[in-house]
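In: Sequence and predicted structure, then a few things I'm wondering about:
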Amino acid sequence: MLVPVTMVACSKQNATPTNPGMDMVDTSARLKYSGTFINGPYGSVSGKAKVYLLNGLYVLKLQGVTISNGPDLHVYLSKEIQPVNYMDLGRLQSTIGDQVYNIAGSPDFTMYKYALVHCQRYNHLFGSAQLQ
């Protein structure tokens, strides 16, 4: 008896994100912090990370990003480049283009100085941006 076997790879798709707040067209959004991504030891990330204050809530916008594929990629706000004390903002929406992540609460950005793209499963840093 033959049994079909399907192999599934664990990688991100290069789909365009569909976050409705992605364009940040609201003129009341104020840029608070920004940084440019640098590559980590396990992947590559280029583009910008920008924190906006919009209607009393913080959002992180990844702008013009290109990110190498990897399994279980998440976006973090972190106190360190290697995440020990961090806020998980969710799974990476796409490996290319602009995307927006809601930030819960009002973190102290004098402490949460980094935006990271991090592989949660293997604890691998793909890239970081220091927010200034």
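Out: Structure's in. What do you need? Just so you know, these numbers come straight off a predicted model, no measurement behind them. Numbering: from 1, shown residues only.

In: Let's see the distance spanning stretch 29-49 from one end to the other.
Out: 15 Å (CA to CA, to the nearest Å).

In: what does that stretch rub up against?
Out: By CB atoms under 8 Å, 6 or more residues apart in numbering, the list of residues contacting stretch 29-49 from outside reads 50-54, 58-68, 70, 109, 114-119, 122, 124-132. (Glycine included, C-beta is placed from N, CA and C.)

In: roughly how far apart are the residue most central in space within the chain and Thr27?
Out: Nearest to the mean C-alpha position of the chain, counting by CA atoms, centre = their mean, stands Val75 at 3.3 Å. From Val75 across to Thr27, the span is 25 Å (CB to CB, to the nearest Å).

In: Any idea what the closest residue to Gln130 other than its chain neighbours is bridged to?
Out: Nearest residue to Gln130 in three dimensions, chain neighbours excluded: Gly35, at 4.7 Å (CB to CB, 6 or more residues apart in numbering). Per DSSP bridges, the residues bridged to Gly35 are Ala49.

In: and Gly90, how many neighbours does it have?
Out: 10 (other CB atoms under 10 Å).

In: ok, back up a step: Produce a PyMOL select command limited to the buried residues of the contacts of stretch 29-49.
Out: To isolate in PyMOL the members of the contacts of stretch 29-49 that are buried, counting by 16 or more other CB atoms under 10 Å, one can use:
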select buried, resi 50+51+52+53+54+58+59+60+61+62+63+65+67+68+70+114+115+116+117+118+119+124+125+126+127+128+129+131
